[in-house]
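# Here is the input, now give the coordinates:
(one chain, ligands or ions: 2)
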Amino acid sequence: MAEKTPPPPSSSSNRRKARAARGQLPLLDLVYENTKVQEKSLECRKEGPWSSSPSASSNKSPLQMVTPVQPTKSVDSPPQMVASVQLSKYDSLGTSCANVSVGSNSGAAPFDICGDSKCSVNVKPSLLEINREKRRAKERSNSVAQLQHLRPGMVLLKNFLKPDDQIEIINLCREVGVGKGGFYTPGYRDGAKLSLRMMCLGKDWNPDSSSYGDVRAFDGAEPPEIPEKFKELVQGAIGASHEFLKGRKGTSNPSVELPPMSPDICIVNFYTSRGRLGLHQDKDESQDSLTKGLPVVSFSLGDTAEFLYGDSRDDTKASKVDLETGDVLIFGGESRRIFHGVSQIKPKTAPKWLTDKSNLQPGRLNLTFRKY
Ligand SMILES: O=C(O)CCC(=O)C(=O)O
Ligand SMILES: [Fe+2]
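Ligands and ions are numbered 1, 2, ... in the order given. Here you go, the predicted structure:
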């Protein structure tokens, strides 16, 4: 996924920040935050145990930590559940906002992207919010997919994923995500945690070595398969992009600008409202895939992300686009190696119909499909 750079030398947040500022850290390092326990519990009160922000620093020595780490019972930890019945098991563990511990790779707790947050307070929406939501829902339900050409090889399909497909994607990610090889919190040997949850389908991407493998290094889990439904949606999005490009002046062969691609990798990220992803290039796929410019296809669900893209790691020079629920972004051909990242997640922007039907936690689910 991201370019390979050596692992951070220590857990010093300042040193990391300085390295990040010099553009020397791999992509996931750029989302590293050294949050204190106190901050953690405040955050938890605001967002519940689903926060993708990091846990407290580890007391273990760097060598003791095998990465990525998966929390056992921490404020970040989700219920120990496979089905809703097991939520009560989690209750009986007494996991609460105040209970902070750093995880290891044994006794891993699955992360459920759906379900009620224990720590969140239900505040009645104001009339203004209700009306805004109604207006948004009407706009989205009336609108059809709209395609935008962002730059050569880069197409944004607004509102491409139909509501039922969005629900199905969330349900499938939830189901797979709580099982073996499901969501975990990527981290580093020094115990630093990252502000998102991740799972890989098809092949495993290791953030520490920036390489792909057939098993997950920290627990030996094989990555679950990519559901056929996802592959169909990817083909649909690439096909629609080709049709769109055909109709554009100056495009002689859409498959040259945007080569076709059958994914064998899907990286699923879940961001809470504090989640973000530094500018990076996806370049850990095979040389053949990169040389051919086989595209990355990205699905967005839930809260809106502010997405940055450009020709360098410099975010002041990057272009910005909002990725809303149902949007599909494709970048291949001459845009295959663009720098891209997520600068912010806009809280409470997921439509109510989506959260009501899917029970998706506050935050954003992103799936990126690639061919190794
Ligand atoms: O969340 C996104 O929109 C981008 C994710 C991404 O760039 C990645 O997983 O490599
Ligand atoms: Fe990426």
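
# Contacts only, for the nearest residue to Asn159 once chain neighbours are set aside.
Setting aside the residues directly before and after it, Asn159 is nearest to Gly326 in space (Cβ to Cβ, 6 or more residues apart in numbering), at 4.8 Å. Every residue, glycine included, has its C-beta placed from N, CA and C. Each residue near Gly326 by Cβ atoms under 8 Å, 6 or more residues apart in numbering is listed here: 140, 158-163, 166, 300-301.

# what's the answer for Gln344, then?
Gln344 makes contact with 276, 305-306, according to Cβ under 8 Å, 6+ apart.

# Could you do His149 as well?
His149 touches 155, 244-245, 248, counting by Cβ under 8 Å, 6+ apart.

# tell me which parts of the stretch 51-200 of the chain are close to ligand 1?
Within the stretch 51-200 of the chain, no position is near ligand 1 by Cβ under 6 Å from any ligand atom.

# Residue ranges in the stretch 51-200 of the chain under the pLDDT threshold?
51-109, 116-125, 136-143, 188-194 (pLDDT under 70).

# shouldn't Leu233 be in contact with Phe299?
Yes. Assessed by Cβ atoms under 8 Å, Leu233 is found in contact with Phe299 at 7.3 Å.

# what residues are shared contacts of those two?
By Cβ under 8 Å, 6+ apart, the residues touching both Leu233 and Phe299 are 161, 169.

# From the neighbour counts alone, determine which of the two ranks first.
Phe299 (28 against 22; other Cβ atoms under 10 Å).

# What about the closest residue to Val178 other than its chain neighbours, how many residues nearby?
Distances taken as Cβ to Cβ, 6+ apart place Pro110 nearest to Val178, at 3.8 Å, with adjacent residues excluded. By other Cβ under 10 Å, the residues close to Pro110 number 21.

# same check, this time on Thr291
9.

# Give me the phi and psi for it.
Main-chain torsions, Thr291, degrees, to the nearest 10: phi -60, psi -40.

# Look up how far Tyr212 lies from it.
Distance of Thr291 to Tyr212, computed by Cβ to Cβ, to the nearest Å: 17 Å.

# the strands in the chain, which residues?
Using DSSP state E, the strands of the chain run over residues 146-151, 154-158, 197-201, 204-206, 211-213, 265-271, 277-280, 296-302, 304-310, 319-323, 328-331, 339-346, 364-370.

# tell me the mean pLDDT over the fifth one?
The reference is to strand 211-213. Averaged across strand 211-213, the pLDDT comes to 96.

# which of the residues in that strand are buried?
Within strand 211-213, the residues scored as buried using 16 or more other Cβ atoms under 10 Å are Tyr212.
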